[in-house]
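Asker: Task: produce atomic coordinates for the following.
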Amino acid sequence: MCAAIMATKIPQAPKVGMVSLGCPKNLVDSERILTKLRSDGYQMSPDYAGADVVLVNTCGFLDSAKEESLEAIGEAIAENGRVIVTGCMGDEADAIRAKFPQVLAVTGAHQYEQVVNAVHDASPPVPNAFVDLVPEGGLKLTPRHYSYLKISEGCNHRCSFCIIPSIRGDLVSRRIDAVLREAEKLVAAGTRELLVISQDTSAYGVDTRHEPRQWKGREVRAHMTDMARELGQLRAADGAAPWVRLHYVYPYPHVDHVVPLMAEGLLTPYLDIPFQHAAPSVLKAMKRPANEAKVLDRVRKWRDICPDIAIRSSFVVGFPGETEADFQYLLDWLDEAQLDRVGAFRFEPVEGAAANALPDAVPEEVKEERYQRIMERTAAISAAKLQAKVGRVLPVILDEVGEPDEEDGSIGATARSQADAPEIDGNVFLRDVGDGRKAGDRIAVRIEDADEHDLYGVPV
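Answerer: Below is the predicted model of the structure:
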C-alpha cells in the first residue's frame, strides 16, 4: 500500500501596489523598486483592495504635480490605509506627514534601499526555499562561512593620493536597520564571520547625523559603536556568535569605545587602520591626520584594555617629498607601534590624484630599496609576535579541509586565527584535524610553531 503523499503548502507572499506619477525617470525608479521587491518574493497587486501595502511614487517638479501627488496619497490612504510615499516629494516629508499622519514611511527620490526596507518593515517578506529566486543571504562570491558587510559608500576625506571621492562621491551611509537586517540574514544563511567594510568605517552615519532607527523594539543610531554592539549580539541558529571584524577604521576618538566591546567578546579583537605613514611632513603632503604620537598612546591604551587585540595597517613608501629622514621616522614609529600585520606599497601616480603634481618625486630605485627595508622590518616584528603565541591555545576558523593522507590517513587544514582576515593576513596550518571537519567550523588549536607570517598547530 502506497504511503500518502504530503503536499508542501507554499506560504502566501505579501502583495504590493504601486502608483507611479511624473516623468519617465520616476517610472524607471518605480520599475527598479518593483524589481527588487519581486526578487524578495513579493507579489504585485493591480488594485488597492488586494495590496498589503501601497507605494506612491510622487512627482514634485511643479506645484500642480505636487497637488496631484498629494491627491494620490490621499486616495491610497482612503482605499487601502497602508501607504508608503517615495519620490521627489519625499524631500517634503514634514508637509506630507502634516497632511497625512497615517503614512507608514516617507523616502526621497532614488532611495531604493530605503523604500524597500520600508516595505519590509510594513509587510515582511516570507522566505521560501521552493520559490525564491535568490537565497535569503544573497548571491555570494566568497565562501559560505564569511561575508563582507558594506555599511557605506564614498568618502569625505581628500587624501592627495586617492581618487575614491571623485569615483564614488562623498560619504553615503546605509540605514542602520538595513545594515543589521542584512547581517542577520547572512548569519542565518551560514555566515560565521562578518567583515565590516567601507571607505571609512569610523565615519559611518556622519552624513545622516547618526540618524536612529527602530531595531528589535529599540532605537539604534547609525554610529560605529552602536552598530558594532548590535552586530556582536547576533546569533546563528545553534546559538553561536559570528566573528565581527572591522576594516578601514580611522582612529577617531570614538574608536576607544569599540575596543572594550572586543574585551567583552562581542567583537573580534582586530582593527584594520590605514595609517599610510608616520612622518608629519609626509602625512601633511598626503592630507592625512598628523597626530602619530597621540596614536601610539592610544594603541598602548587599547592593548591595556584588550591585550589580544591585533592591529593591521598599510603604508606607502616613496611618496613625493619623502626624505630618508622621513622614512627612518616611519621605521622607528613601527618599532614603537609593534603592529601585528603590515602591508606596504610603493607610491604610484594615479590619474586624477593631486599627489601627481607634488614636487620632489622619489626615484624608482629608492622606492624599491625602502619597500624592501620596511618589509624586512615588519616581517621581523611579525615573527617575534607570532613566536610569542607558540604554546598557546587559540580559537581558529577553518577555511579549507584537506583529503586524508594516503599513507596514514591524517587530515590537514588551513585556518585563520582572530588576528587574520581572509586573503590579506596570515594562516594557521593544522595537522590531524580528524574526520567530520568542514570549512566554517570554529575549533580550539594549540600553536606548535610559527614563522614570519603564519602559525602551525593541532586541534586540542
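Asker: List the contacts of stretch 420-435.
Answerer: Where contact means Cβ atoms under 8 Å, 6 or more residues apart in numbering, the residues beyond stretch 420-435 that reach it are 142, 146, 193, 195, 245, 247, 270, 272, 310, 312, 341, 343, 382, 386, 394, 396, 398-399, 401, 410-417, 419, 443, 445, 447, 453-459. Glycine gets a C-beta too; all of them are placed from N, C-alpha and C.
Asker: and those, which of them are in strands?
Answerer: 146, 193, 195, 245, 270, 272, 310, 312, 341, 343, 394, 396, 398-399, 401, 413-417, 443, 445, 447, 455-459 (DSSP state E).
Asker: Weed out the non-buried ones from the residues you listed.
Answerer: Among the ones in strands among the contacts of stretch 420-435, those buried by neighbour count (16 or more other Cβ atoms under 10 Å) are 146, 193, 195, 245, 270, 272, 310, 312, 341, 394, 396, 398-399, 401, 413-417, 443, 445, 447, 455-457, 459.
Asker: what about the strands in the stretch 101-250 of the chain?
Answerer: Per DSSP state E, counting those that start in this stretch, the stretch 101-250 of the chain has strands spanning 105-106, 146-150, 152-153, 172-173, 193-197, 212-215, 218-221, 243-246. These are given in chain order.
Asker: how about CSV for these, with mean pLDDT added?
Answerer: Below are the strands of the stretch 101-250 of the chain laid out as CSV (pLDDT from 0 to 100):
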stretch, mean pLDDT
strand 105-106, 92
strand 146-150, 91
strand 152-153, 88
strand 172-173, 92
strand 193-197, 94
strand 212-215, 92
strand 218-221, 94
strand 243-246, 97
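Asker: For Val244, give me its contacts.
Answerer: Applying Cβ under 8 Å, 6+ apart, one finds that Val244 lies in contact with 193-194, 196, 228, 231-232, 234, 266-268.
Asker: so who does Val350 touch?
Answerer: With contact set as Cβ under 8 Å, 6+ apart, Val350 has these partners: 161-163, 356.
Asker: so which helix or strand takes in it?
Answerer: When secondary structure is defined using DSSP states H and E, no element contains Val350, which sits outside every helix and strand.
Asker: any idea how far Pro101 is from it?
Answerer: Remark: distance between Val350 and Pro101 (Cβ to Cβ, to the nearest Å) = 51 Å.
Asker: what does Gln12 give?
Answerer: Distance of Gln12 to Pro101, given as Cβ to Cβ: 30 Å.
Asker: Stretch 341-358 - what's its average pLDDT?
Answerer: Averaged across stretch 341-358, pLDDT comes to 90.
Asker: Any idea how many residues pack against the closest residue in space to Glu92 that isn't next to it in sequence?
Answerer: If the residues on either side of it in the chain are set aside, Glu92 comes closest to Gly60, at 6.8 Å by Cβ to Cβ, 6 or more residues apart in numbering. Neighbour count of Gly60, defined by other Cβ atoms under 10 Å: 19.
Asker: does Gly60 sit in a helix, a strand or a coil?
Answerer: Using DSSP: H, G, I helix; E, B strand; the rest coil, the secondary structure recorded for Gly60 is coil.
Asker: Provide a list of residues in contact with it.
Answerer: Gly60 sits next to 66, 69, 87-89, 91-92 when contact means Cβ under 8 Å, 6+ apart.
Asker: So among these, which ones count as buried?
Answerer: Among the contacts of Gly60, the ones that count as buried by 16+ other Cβ under 10 Å are 66, 69, 87-89, 92.
Asker: And those residues, which is closest to Asn117?
Answerer: Top of the list for closeness to Asn117, among the buried ones among the contacts of Gly60 and by Cβ to Cβ, is Gly87 at 15.9 Å.
Asker: hang on, the earlier thing: take the contacts of Gly60 and write them to JSON lines, including secondary structure.
Answerer: What follows is those, written out as JSON lines (three-state DSSP):
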{"residue": "Lys66", "secondary structure": "helix"}
{"residue": "Ser69", "secondary structure": "helix"}
{"residue": "Gly87", "secondary structure": "strand"}
{"residue": "Cys88", "secondary structure": "helix"}
{"residue": "Met89", "secondary structure": "helix"}
{"residue": "Asp91", "secondary structure": "helix"}
{"residue": "Glu92", "secondary structure": "helix"}
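Asker: May I ask which two of the residues you listed are separated the most?
Answerer: Pairwise over the contacts of Gly60, using Cβ to Cβ, the maximum falls at Ser69 and Asp91, 12.0 Å.
Asker: Where does the prediction get shaky in this structure?
Answerer: Counting by pLDDT under 70, the chain contains low-confidence ranges at 1-10, 24-25, 61, 128-141, 290-293.
Asker: C-alpha coordinates for the longest helix along it, PDB please?
Answerer: Longest helix in the chain, counting residues (DSSP state H): helix 364-387. As requested, C-alpha coordinates have been extracted for helix 364-387 and formatted as PDB (Å, rounded to 0.1, in the frame of the first residue of the first chain):
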ATOM      1  CA  GLU A 364      62.100  54.200  -8.500                       C
ATOM      2  CA  GLU A 365      65.200  52.500  -7.200                       C
ATOM      3  CA  VAL A 366      64.900  54.400  -3.900                       C
ATOM      4  CA  LYS A 367      61.200  53.400  -3.600                       C
ATOM      5  CA  GLU A 368      62.200  49.700  -4.200                       C
ATOM      6  CA  GLU A 369      65.000  49.900  -1.600                       C
ATOM      7  CA  ARG A 370      62.700  51.500   1.000                       C
ATOM      8  CA  TYR A 371      60.000  48.900   0.200                       C
ATOM      9  CA  GLN A 372      62.400  46.100   0.900                       C
ATOM     10  CA  ARG A 373      63.600  47.700   4.200                       C
ATOM     11  CA  ILE A 374      60.100  48.200   5.500                       C
ATOM     12  CA  MET A 375      59.000  44.700   4.600                       C
ATOM     13  CA  GLU A 376      62.100  43.300   6.400                       C
ATOM     14  CA  ARG A 377      61.400  45.400   9.500                       C
ATOM     15  CA  THR A 378      57.800  44.500   9.700                       C
ATOM     16  CA  ALA A 379      58.500  40.800   9.000                       C
ATOM     17  CA  ALA A 380      60.800  40.700  12.000                       C
ATOM     18  CA  ILE A 381      58.200  42.300  14.200                       C
ATOM     19  CA  SER A 382      55.600  39.800  13.000                       C
ATOM     20  CA  ALA A 383      57.900  36.800  13.500                       C
ATOM     21  CA  ALA A 384      58.500  37.900  17.100                       C
ATOM     22  CA  LYS A 385      54.800  38.400  17.900                       C
ATOM     23  CA  LEU A 386      53.800  35.100  16.300                       C
ATOM     24  CA  GLN A 387      56.600  33.200  18.100                       C
END
